[in-house]
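Peer 1: Got a predicted structure here, sequence first:
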Amino acid sequence: MTVMTTTLTPLALPPRDSFGTRLVRVLRTDWLATAGLAIVLLVVVFAFFGHWIAPFPEQGSGQTNVDTRNLAPSLSHLFGTDQLGRDMLSRVIMGAQPALSIAIAVVGLAAIIGVPLGAIAGYRGGRIDDLLMRITEVFQAFPPLLLAMVMVALLGPSLLNAGIALAICWWPWYARLVRAEARSLRERPYVEAARAIGVPMWRILPRHILRNCLTPIIVQATVDVGAIVLAAGSLAFLGLGAQPPSPDWGLMVAEGRGQLFTAWWISTFPGLAIFLTVLGFNVIGDALRDLIDPRMVKR
């Protein structure tokens with residue numbers, strides 16, 4: 001009697017596309033992501049090389065010229081000039097550096113404060129979680145911009161103090177984001193196995209918890225860069241951020257608001273710079289979520 005045996009061959013799963021392949025696919029199919037990337041790259045180039053790109057760098061830094069006051073946009077001054085004769089194109093280009101600098105500094109400081117606190121709260125739970133979350137709720141009970149205004153008013157108006165105030169107002173969002181991820185990760189088998197063999201918490205958190213929280217942190221940080229550019233510009237508009245003659249976009253909008261109907265270009269072009277920068281970073285944040293989160297990959 002012959003016994004027939006059948007060998008089952010496991011199904012071969014198609015290899016997942018690399019990050020570079022997915023990036024090229026997104027840039028080819030999503031024109032909005034491509035436009036957002038172009039805007040972000042342009043802002044970065046202006047931030048690093050604005051002094052060499054600006055047609056009148058000395059005016060961008062604050063030098064005045066009373067003979068060219070309130071000139072409308074023309075071939076010699078593409079964005080016109082302001083009430084002190086300074087070239088608006090040069091000031092808009094050089095304004096990218098303080099805007100991007102404060103945004104990256106605030107995001108970095110907020111993440112340094114919020115990410116470890118959120119990871120500890122989510123991993124440990126119990127009273128530590130309750131205590132840390134109550135602290136974050138105290139900060140989140142106030143609108144971030146309003147709380148930042150109060151802090152800057154106490155510290156004194158300056159770009160540095162505005163950055164410190166925004167970082168203090170921004171860290172609770174990172175704490176809550178990481179805490180939610182850590183609560184779901186602490187029950188995973190590999191985390192329980194590490195805990196069972198006696199691996200200390202200070203090794204589990206960076207190797208097993210924070211490493212798996214990088215995707216939402218990166219996406220949130222990218223979106224927050226645009227939001228902080230807007231918040232810092234709002235503080236400067238109110239006189240609580242960058243001070244004259246700094247080429248700050250929010251400050252330029254404030255300086256031209258009194259001449260909005262006679263010299264519209266003084267406020268319009270810095271306002272457009274803020275708008276496009278915020279839009280670019282928000283679009284890039286959405287595209288990054290699709291690229292680096294395996295659950296969002298579309299085959």
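Peer 2: Noted; the coordinates are in hand. Bear in mind that the values here come from a model prediction, so they are computed numbers and not experimental data. Numbering: from 1, shown residues only.

Peer 1: quick one, what contacts Gly95?
Peer 2: Pro247, Asp248, Trp249, Met252, Pro270, Ala273 (CB atoms under 8 Å, 6 or more residues apart in numbering). The C-beta positions use only the backbone N, C-alpha and C, and glycine is treated the same way.

Peer 1: and what of Val152?
Peer 2: By CB under 8 Å, 6+ apart, Val152 lies in contact with Asn161, Ala162, Ala165, Leu235, Leu240, Gly241.

Peer 1: again, 6 Å this time
Peer 2: Counting by CB atoms under 6 Å, 6 or more residues apart in numbering, Val152 touches Asn161, Ala162, Ala165, Leu240.

Peer 1: picking that back up, for Leu32, state which of the contacts of Gly95 is nearest.
Peer 2: Among these, Ala273 lies closest to Leu32 (CB to CB), at 19.0 Å.

Peer 1: so which helix or strand takes in the closest one?
Peer 2: Using DSSP states H and E, Ala273 sits in helix 265-292.

Peer 1: Buried residues in that helix, which are they?
Peer 2: Residues 265-271, 273-274, 276-292 are the ones in helix 265-292 that count as buried (16 or more other CB atoms under 10 Å).

Peer 1: So which elements touch that helix?
Peer 2: Under the contact criterion of 3 or more CB pairs under 6 Å, 6 or more residues apart in numbering; DSSP states H and E, helix 265-292 touches helix 31-53, helix 88-94, helix 214-237, helix 249-256.

Peer 1: 7 Å instead?
Peer 2: Applying 3 or more CB pairs under 7 Å, 6 or more residues apart in numbering; DSSP states H and E, we find helix 265-292 packed against helix 19-29, helix 31-53, helix 88-94, helix 214-237, helix 249-256.

Peer 1: possible to save those as a markdown table with distance to Ala194, mean neighbour count and mean pLDDT?
Peer 2: Converted to a markdown table, the helices and strands packed on helix 265-292 look like this (distance: least, CB to CB, whole Å; neighbours: other CB atoms under 10 Å; pLDDT from 0 to 100):
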| stretch | distance to Ala194 | mean neighbour count | mean pLDDT |
| --- | --- | --- | --- |
| helix 19-29 | 27 | 13 | 67 |
| helix 31-53 | 38 | 16 | 92 |
| helix 88-94 | 50 | 26 | 94 |
| helix 214-237 | 18 | 22 | 92 |
| helix 249-256 | 48 | 25 | 93 |
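
Peer 1: Which among those helices is found nearest to Ala182?
Peer 2: Closest approach to Ala182 among the helices and strands packed on helix 265-292 (CB to CB): helix 214-237, 11.1 Å.

Peer 1: Next, the angle from that closest one to helix 31-53.
Peer 2: Orientation check (axes from the mean of the first three to the mean of the last three CA atoms, to 10 degrees): helix 214-237 against helix 31-53 gives 50 degrees.

Peer 1: between helix 214-237 and helix 249-256, how big is the angle?
Peer 2: Using the same axes, to 10 degrees, the inter-axis angle of helix 214-237 relative to helix 249-256 is 20 degrees.

Peer 1: For helix 214-237, give me every contacting residue.
Peer 2: The contact list for helix 214-237 (CB atoms under 7 Å, 6 or more residues apart in numbering) reads 99, 102-104, 106-107, 111, 115, 144-145, 148-149, 152, 162, 166, 170, 174, 177-178, 181, 241-242, 248-251, 253-254, 274, 277-278, 281-282, 284-285, 288-289, 292-293.

Peer 1: how about 6 Å then?
Peer 2: With CB under 6 Å, 6+ apart as the test, helix 214-237 has contacts from 99, 102-103, 106-107, 145, 162, 166, 177, 241-242, 248-251, 253-254, 274, 277-278, 281-282, 284-285, 288-289, 292-293.

Peer 1: How many residues are close by Leu160?
Peer 2: Leu160 has 13 neighbouring residues, counting by other CB atoms under 10 Å.

Peer 1: where does the chain dip in pLDDT?
Peer 2: Along the chain, segments meeting pLDDT under 70 span 1-20, 22-23, 26-27, 293-299.

Peer 1: in it, which residue is closest to the centre?
Peer 2: Of all residues in the chain, the one closest to the mean position by CA atoms, centre = their mean is Val225, 1.6 Å from it.

Peer 1: so how far is Val107 from it?
Peer 2: From Val225 over to Val107 the distance is 6 Å, taken as CB to CB, to the nearest Å.
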